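Peer 1: What follows is a predicted structure for the sequence shown.
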Amino acid sequence: MFEDERNDKIYNLIITSGTDLKNEYGQFTEKLYSKVDFLWKESMSGSYATAGEQFYQKVDRIILLAGLYNDNKELFEVLLDAAEKYSIPIVLVRPMGLEEVPEILEEKAATIVGWNANCIIDSIKDAPETM
């Protein structure tokens, strides 16, 4: 794809946060902000478990930061369920510096990506719409 092909879509993302001892959330969002030609916003809810169809219908992708999984399993389970229920593609980001991801997450992911900003953006844009 040529760089001059402009994509004005604003991607509505849910990005996992929670207990984050290595600041992976901050580092991930910095990667998104570094790509000024990629338009996005983040949907947040006080409780993803009680957020309903109206909330999830607006979400384009759920970003799971695999490095946060062990300390935030409940949140991940809620988001995995929501992704399945509302047919939202999951972009799974490998833990910082590691290749392996939890198998349960790998099975549900539409795509898996590392920490290269260009690869992250491509994965978000190209994630299959159906799971």
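Peer 2: Looks like it arrived, so ask away. Numbering: from 1, shown residues only.

Peer 1: use CA for all of it now, contacts and neighbours both
Peer 2: OK.

Peer 1: in the longest helix seen in the chain, what counts as buried?
Peer 2: Scanning the chain for the helix with the most residues, using DSSP state H, yields helix 73-86. The neighbour-count check on helix 73-86 (16 or more other C-alpha atoms under 10 Å) flags Leu75, Phe76, Leu79, Leu80, Ala82, Ala83 as buried.

Peer 1: May I have the helix or strand following it as CSV, with CA atoms only?
Peer 2: Where DSSP states H and E defines the elements, the next helix or strand beyond helix 73-86 is strand 90-93. Coordinates of each C-alpha in strand 90-93 appear next as CSV, following Å, rounded to 0.1, in the frame of the first residue of the first chain:
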residue,chain,number,x,y,z
ILE,A,90,-8.7,-9.1,19.2
VAL,A,91,-5.2,-7.8,18.5
LEU,A,92,-2.9,-9.6,20.9
VAL,A,93,0.4,-7.8,21.7
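
Peer 1: Tell me the gap between strand 90-93 and the middle of its chain.
Peer 2: Remark: strand 90-93 is offset 5 Å from the chain centroid, using C-alpha atoms, centre = their mean, to the nearest Å.

Peer 1: Which secondary structure elements does that strand sit against?
Peer 2: strand 61-65, helix 103-108, strand 111-113 (3 or more C-alpha pairs under 8 Å, 6 or more residues apart in numbering; DSSP states H and E).

Peer 1: Now do that strand: everything it contacts.
Peer 2: Residues from elsewhere that reach strand 90-93 (C-alpha atoms under 8 Å, 6 or more residues apart in numbering): 61-66, 83, 105-106, 108-115, 123-124, 127.

Peer 1: No further questions, thank you.
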